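Trainee: Test case, fold it:
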Amino acid sequence: MRKSLTALSAALIIGGAASAQKVAFEEYTLDNGLHVVLHQDKSAPVVVTSVMYHVGAKDENPERTGFAHFFEHLLFEGTKNIQRGEWFKIVTANGGQNNANTSDDRTYYYEVFPSNNLELALWMESERLMHPVINQIGVSTQNEVVKEEKRLRVDNQPYGNLFTEVKKNLFVKHPYRWAPIGSMEHLDAATLDEFLAFNKKFYIPNNAVLVVAGDFEKDQAKTWVKKYFGEIAKGPAIKRTHIEEDPIVKEIKAEYQDPNIQLPMVVTAYRTPSMKTRDARVLEMIAAVLSGGKSSRLYKEMVDNKKMALEVASFSYSQEDYGIYFVYGIPMQGFELNDLVKEIDVEIAKLQTELISERDFQKLQNTFENQYVESNSDLEGLAENLASNYLLYGDINLINTQIDIYRSVTREEIREVAKKYLNSNQRLVLDYIPVKDSVKK
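Mentor: Numbers count the residues shown, from 1 in each chain. As a prediction, this is how the structure comes out:
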């Protein structure tokens, strides 16, 4: 479910740019526990209305994986007052666009409308929360939709199972060990009562944050929020258990054969701390040093100088409980996967033993300054950041202060964090290769 309507997107960019450096917002909580965040920006006649629920793949029964992502689809089926199949028609007919996405940690829905349709957006999201129609027709329909999505985006996509294979090997106990798309067998086996129970447990006002961002009048918005959301019953408190993984103390070796690829890939993946930690931010900066553009260390050395890799990159994937630091490479002809691993380790060792230069450090700081401005430069991204900062980080004002964390990171800290997490005895090495019978075809 991807967005379109480029005209509205352009309006968002124009509208958000002026306030990118400082985001003003007001927040409060309804009696039923729904947290509400309002960000007013009258520079363009557009308003974003979004709801983020604190439910993702990690909240699923291990025998019923895929539920959170399934609900991302299911809750567009219709409500008591929105007939089945009418949701998208209503949005489009009123000049809007909408979308949803699911991660391991949360599910996010949003609408973008001309500002005169804020009441409509609030009503629709309250309907999704209060009056969803969950029946066998909708479940069966969306089951086929999800299966087709899995075929297109995972099963038949080159390297489509890469992320799934990394998670499966890197996590043993924690529910991050499965991907949000989940198991089609689990979804097939699920009963309607199980879907109803999942909705009742997680889609409740005290497990959500509502964000309104854009061109609106605050008093009017508050009146509508109370009107449409205030009477929704508060749900029972959700009991969450944090499952801790044992430390990785020995390199994990794994292999996966993908029938959709011709070129092998090697991945080294490290389990890293929660996105709430300072170290998680430092790891993001380390990723930028290693592979942030064509002048980065890995690209310059392995692609340009030694011509041993067709592609090489690293990134830090931050999540609520744990993160994953990825490094991957595709070898040029004449080089083996292990050759890339050895060269990647050389560059990581440099980070662990040497301070990056003052010049590179300044470039790094500039990069993160630019990323910070970009992340809040349109209303869509800003609304999601406000929701995430409140629901997942527990600090909504990170929208304004997170850049100060990056600014305070030192060259010495970069070296120490690389030493702490990026060691060969703490990682997975995954050979992601073509099906062996077809390697030489």
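
Trainee: Let me know the pLDDT of residue 15.
Mentor: Listed pLDDT for residue 15 reads 37.

Trainee: isn't residue 200 right next to residue 236, touching?
Mentor: No - the pair residue 200 / residue 236 is not scored as a contact, 9.1 Å apart, by C-beta atoms under 8 Å. The C-beta positions use only the backbone N, C-alpha and C, and glycine is treated the same way.

Trainee: between the two, what contacts are shared?
Mentor: Residues touching both residue 200 and residue 236 (C-beta atoms under 8 Å, 6 or more residues apart in numbering): there are none.

Trainee: OK, contacts around residue 176?
Mentor: 57-58, 104, 167, 170, 319, 321-322.

Trainee: what are the ranges of the strands in the protein?
Mentor: Ranges of strands in the chain, per DSSP state E, are 26-29, 35-40, 46-53, 97-102, 107-114, 208-214, 252-258, 265-273, 309-317, 322-331, 427-434.

Trainee: Between the ones you listed, which one is closest to residue 371.
Mentor: Nearest to residue 371 among these is strand 309-317 (12.8 Å), distances taken as C-beta to C-beta.

Trainee: and the closest one with strand 265-273, angle?
Mentor: Strand 309-317 runs at 20 degrees relative to strand 265-273, counting by axes from the mean of the first three to the mean of the last three C-alpha atoms, to 10 degrees.

Trainee: What residues sit buried inside strand 309-317?
Mentor: Within strand 309-317, the residues scored as buried using 16 or more other C-beta atoms under 10 Å are 309, 312-317.

Trainee: Likewise for stretch 153-170?
Mentor: Under 16+ other C-beta under 10 Å, the buried positions of stretch 153-170 are 154-155, 159-170.

Trainee: Now, those that are in helices?
Mentor: Counting by DSSP state H, those place 162-170 in helices.

Trainee: Pick the one among these closest to residue 268.
Mentor: Set against residue 268, the nearest of these by C-beta to C-beta is residue 166 (9.8 Å).

Trainee: is the nearest residue in space to the closest one that is not next to it in sequence in a bridge, and if so with what?
Mentor: Excluding the flanking residues, the one nearest residue 166 by C-beta to C-beta, 6 or more residues apart in numbering is residue 269, at 4.9 Å. Residue 269 has these beta-bridge partners by DSSP bridges: residue 326, residue 428.

Trainee: Surely residue 269 is in contact with residue 427?
Mentor: Yes - counting by C-beta under 8 Å, residue 269 touches residue 427, with 6.2 Å between them.

Trainee: ok, back up a step: pick the one among the contacts of residue 176 closest to residue 67.
Mentor: Distance ranking of these against residue 67, using C-beta to C-beta, places residue 57 first at 8.1 Å.

Trainee: Distance of the closest one relative to residue 350?
Mentor: As judged by C-beta to C-beta, to the nearest Å, residue 57 and residue 350 stand 36 Å apart.

Trainee: Kindly report the same for residue 88.
Mentor: Noted for residue 88: a distance of 51 Å to residue 350, by C-beta to C-beta.

Trainee: Also residue 199?
Mentor: When distance is defined by C-beta to C-beta, residue 199 is 51 Å away from residue 350.

Trainee: ok, how many other residues are close to residue 321?
Mentor: Residues lying near residue 321 (other C-beta atoms under 10 Å) number 20.
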